[in-house]
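Enquirer: Can you look at this prediction? I've put the sequence above it.
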Amino acid sequence: MNGSAASQIKTKAVVWATIGAGLLLVLIANSHLVYVAIVSQPECVAHVRQGEGVPEPGKFSAARSSCTPR
């Protein structure tokens with residue numbers, strides 16, 4: 001093998017290793033996001049419920065609350 005062929009093989013190996021490392025990084029980041037989305041359950045936030053009057057400044061009303069049973 002001459003120097004040029006060895007250089008091409010090294011370059012291809014570096015490119016493929018970089019692509020593999022990038023894909024691995026994306027998979028790890030996404031798996032962490034999926035894990036956090038599945039495990040976390042946000043607490044109910046105090047808000048003005050529909051029909052309780054006019055909300056005060058700084059208080060908000062949920063479009064449909066998941067905290068209260070229907």
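Expert: Received the coordinates, thanks.

Enquirer: Model confidence for residue 70, exactly?
Expert: We have a pLDDT of 48 for residue 70.

Enquirer: what about this structure, any weak spots by pLDDT?
Expert: Counting by pLDDT under 70, the ranges of the chain that qualify are 1-3, 41-56, 58-70.

Enquirer: try 90 this time
Expert: Within the chain, the stretches with pLDDT under 90 are 1-7, 32, 36-70.

Enquirer: the helices in it, which residues?
Expert: 3-39 (DSSP state H).

Enquirer: what's around residue 8, how many residues?
Expert: For residue 8, the count of nearby residues is 11 (other Cβ atoms under 10 Å). Yep, even glycine has a C-beta here, placed from its N, CA and C like the rest.

Enquirer: cool, residue 32 as well?
Expert: Neighbours around residue 32, by other Cβ under 10 Å: 10.

Enquirer: contacting residues around it?
Expert: By Cβ atoms under 8 Å, 6 or more residues apart in numbering, residue 32 lies in contact with nothing.

Enquirer: do you know how far it is from residue 23?
Expert: Counting by Cβ to Cβ, to the nearest Å, the gap from residue 32 to residue 23 is 15 Å.

Enquirer: Ok, residue 15 next?
Expert: Taken as Cβ to Cβ, the span from residue 15 to residue 23 is 13 Å.

Enquirer: cool, and residue 16?
Expert: Note on residue 16: its distance to residue 23, by Cβ to Cβ, is 11 Å.

Enquirer: same check, this time on residue 38
Expert: Distance from residue 38 to residue 23, by Cβ to Cβ: 22 Å.

Enquirer: No further queries at this time; thank you.
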